[in-house]
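**Student:** Quick one: sequence plus predicted model below, questions after.
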2 protein chains.
Amino acid sequence: MPRTIDEAKLFEVVINEWMAHGYGGCTTRDIANIAGVNEATLFRRYGSKAGLFTRAIDHQLADTPLALVCISGDLSTDLLALAEAYMDTYRLYGDVVFRAVQELPRYPEVREAASHFLGNIQKMVQLVLYYQQKGLLRVEHPLLTLTAFIGPIATFLMFARSGLSPEMPPFDVGSHISGFLHGRAE
Amino acid sequence: MPRTIDEAKLFEVVINEWMAHGYGGCTTRDIANIAGVNEATLFRRYGSKAGLFTRAIDHQLADTPLALVCISGDLSTDLLALAEAYMDTYRLYGDVVFRAVQELPRYPEVREAASHFLGNIQKMVQLVLYYQQKGLLRVEHPLLTLTAFIGPIATFLMFARSGLSPEMPPFDVGSHISGFLHGRAE
DNA sequence: GCATAATGCAAGCAGTCACTTGCATTACGG
DNA sequence: CCGTAATGCAAGTGACTGCTTGCATTATGC
């Protein structure tokens, strides 16, 4: 019975259970058991399930690889970094972005933490705007450009994970970027 | 007390509640109340919640707009039809495809019906293969091409619905298709 | 018109959920 | 070494869940 619980492990378990079962589908009992913490302790420390999630999301996803994206000046370099950051985040936590976007309207209790985490999207929008102004990207609503770039990655990874299609190739980032920039017509 | 219940309305309610709260999050009580059917009737007719969902998904999503996609011979025409079919399905039911893909591994009980519905994806794969063989699309794993085309649409619509970004423009299908075919580089 | 079968209704059952409480136990700070 | 505060433990609460049951009611097929 340690004086302080292993919060790092706890938060990791929270995110994992969230990804595996969704907010409504995962239980504080399971989280407590897996993390090796007593369930009562969770409520004494964080007040509620929502409170626990707020802290976990904030602490665990604040410095996700997506947060490291910056503008180098070279479009291809930055697109590559952005794509790999998204894939790294996916490898670490699964489709956190989609889960958050999907469950945000339904659970206003975690809205604050999730929207803080999703503030990373603003950085990506800045990236798009920069290269639009530089004349290297088609000028349109930056979220159209951003979803055009992230959407295929997220969709493919989710599809691959669902197990619907038996054998799917690994996601080819280079091919995706060239398709994004120059199209898929032959 | 009608002799037979309004099954069309019932199935519609099932899909709506599914989209709104997820499989684990929606209750048979709510479904029964909203559909104006007694809850006991649901279990007498369909045996279980999973049985109800199986029938509802099968009946309601079998002839979704996505099922109507066919190969005309003209790439632009077919891409336009595919995109609008996806958007129509989204307008009707929300992100059924993503929900299904996401919840399939978690609820094996509804796997059968959902995978039947998702069989529509096979038709889209055929479409991609056809135009690859015709030399009009880059040759790669068809699911890479398909997610590259559907991913941005789905992602943008989900993003718009989440309410994260205050004002988002309507999705421009034509712009998306030209971006998909010829890229977004200027 | 009458038997039949599907439905409505109300109550309830067992399990699970988030959350609480009282008390013993532990580890750290002074 | 001792007080304090965080933790573990066990039990429990009320609400909700999927699902069942017994009985009255209704509409349809013959």
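**Tutor:** Looks like it came in fine.
**Student:** Just the C-alpha atoms of the longest helix along chain A, please, in PDB.
**Tutor:** Taking residue count as the measure and DSSP state H as the definition, the longest helix of chain A comes out as helix A:142-162. Presented in PDB, the C-alpha positions along helix A:142-162 are these (Å, rounded to 0.1, in the frame of the first residue of the first chain):
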ATOM      1  CA  PRO A 142      -7.700  25.100 -44.100                       C
ATOM      2  CA  LEU A 143      -9.900  22.400 -42.400                       C
ATOM      3  CA  LEU A 144     -10.700  21.200 -45.900                       C
ATOM      4  CA  THR A 145      -7.000  20.800 -46.600                       C
ATOM      5  CA  LEU A 146      -6.300  19.400 -43.200                       C
ATOM      6  CA  THR A 147      -9.000  16.700 -43.400                       C
ATOM      7  CA  ALA A 148      -7.900  15.900 -46.900                       C
ATOM      8  CA  PHE A 149      -4.500  15.100 -45.500                       C
ATOM      9  CA  ILE A 150      -5.300  13.500 -42.200                       C
ATOM     10  CA  GLY A 151      -8.600  11.800 -43.200                       C
ATOM     11  CA  PRO A 152      -7.000   9.100 -45.400                       C
ATOM     12  CA  ILE A 153      -4.500   8.200 -42.700                       C
ATOM     13  CA  ALA A 154      -7.000   8.000 -39.900                       C
ATOM     14  CA  THR A 155      -9.500   6.100 -42.000                       C
ATOM     15  CA  PHE A 156      -7.000   3.600 -43.300                       C
ATOM     16  CA  LEU A 157      -5.600   2.900 -39.800                       C
ATOM     17  CA  MET A 158      -9.000   2.500 -38.300                       C
ATOM     18  CA  PHE A 159     -10.000   0.200 -41.100                       C
ATOM     19  CA  ALA A 160      -6.900  -1.900 -40.700                       C
ATOM     20  CA  ARG A 161      -7.500  -2.200 -37.000                       C
ATOM     21  CA  SER A 162     -11.100  -3.200 -37.400                       C
END
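**Student:** elements contacting it?
**Tutor:** Helices and strands touching helix A:142-162, as assessed by 3 or more Cβ pairs under 8 Å, 6 or more residues apart in numbering or on different chains; DSSP states H and E, comprise helix A:75-93, helix A:96-103, helix A:120-133, helix A:173-182, helix B:96-103, helix B:142-162, helix B:173-182. (Glycine included, C-beta is placed from N, CA and C.)
**Student:** Tell me which of those helices lies nearest to DNA strand C.
**Tutor:** Checking the helices and strands packed on helix A:142-162 against DNA strand C by Cβ to the nearest atom of the strand gives helix A:96-103 as the closest, at 13.8 Å.
**Student:** Can you confirm whether that closest one lies near chain B?
**Tutor:** Yes. Helix A:96-103 reaches chain B (Cβ under 8 Å from any Cβ of the partner chain) through A:98, A:101, A:102.
**Student:** For these, which single residue is the most surrounded?
**Tutor:** Looking at the residues of helix A:96-103 next to chain B with neighbours defined as other Cβ atoms under 10 Å in any protein chain shown, the largest count falls to residue A:98 at 23 neighbours.
**Student:** Can you give me the domain assignment for chain A?
**Tutor:** By the assignment in automatic domain parsing, chain A contains the domains A:7-61, A:65-182.
**Student:** And residue A:156, how far from residue A:97?
**Tutor:** Applying Cβ to Cβ, to the nearest Å, the value for residue A:156 to residue A:97 is 14 Å.
**Student:** returning to that earlier point: make JSON lines out of the domains of chain A and add mean pLDDT.
**Tutor:** Output for the domains of chain A, formatted as JSON lines (pLDDT from 0 to 100):
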{"stretch": "domain A:7-61", "mean pLDDT": "94"}
{"stretch": "domain A:65-182", "mean pLDDT": "92"}
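**Student:** Put together TSV for the ones you listed, with distance to DNA strand D on each row.
**Tutor:** As requested, the domains of chain A are exported to TSV (distance: least, Cβ to the nearest atom of the strand, whole Å):
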stretch	distance to DNA strand D
domain A:7-61	3
domain A:65-182	14
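**Student:** Quick check: which of these is nearest to residue B:135?
**Tutor:** Set against residue B:135 and scored by Cβ to Cβ, the domains of chain A come closest in domain A:65-182, at 16.4 Å.
**Student:** Which phi and psi values does residue A:137 adopt?
**Tutor:** The phi/psi pair for residue A:137 (degrees, to the nearest 10) reads phi -130, psi 140.
**Student:** That one and residue A:131 touch, don't they?
**Tutor:** Yes. Here residue A:137 reaches residue A:131: they are 4.5 Å apart, a contact under Cβ atoms under 8 Å.
**Student:** Which residues are in contact with each of these two?
**Tutor:** Taking Cβ atoms under 8 Å, 6 or more residues apart in numbering or on different chains as the contact definition, residue A:137 and residue A:131 share the neighbouring residues residue A:75.
**Student:** And residue A:16, how far from residue A:77?
**Tutor:** From residue A:16 across to residue A:77, the span is 32 Å (Cβ to Cβ).
**Student:** what about these two, which has more around it?
**Tutor:** When neighbours are counted by other Cβ under 10 Å, residue A:16 comes out ahead of the other of residue A:16 and residue A:77, with 17 against 11.
**Student:** re the thing from before, as TSV, the helices and strands packed on helix A:142-162 with distance to DNA strand C would be great.
**Tutor:** Output for these, formatted as TSV (distance: least, Cβ to the nearest atom of the strand, whole Å):
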stretch	distance to DNA strand C
helix A:75-93	19
helix A:96-103	14
helix A:120-133	27
helix A:173-182	37
helix B:96-103	17
helix B:142-162	23
helix B:173-182	40
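**Student:** Which of those helices sits closest to residue B:5?
**Tutor:** The stretch from the helices and strands packed on helix A:142-162 with the least distance to residue B:5 (Cβ to Cβ) is helix B:96-103; that distance is 23.1 Å.
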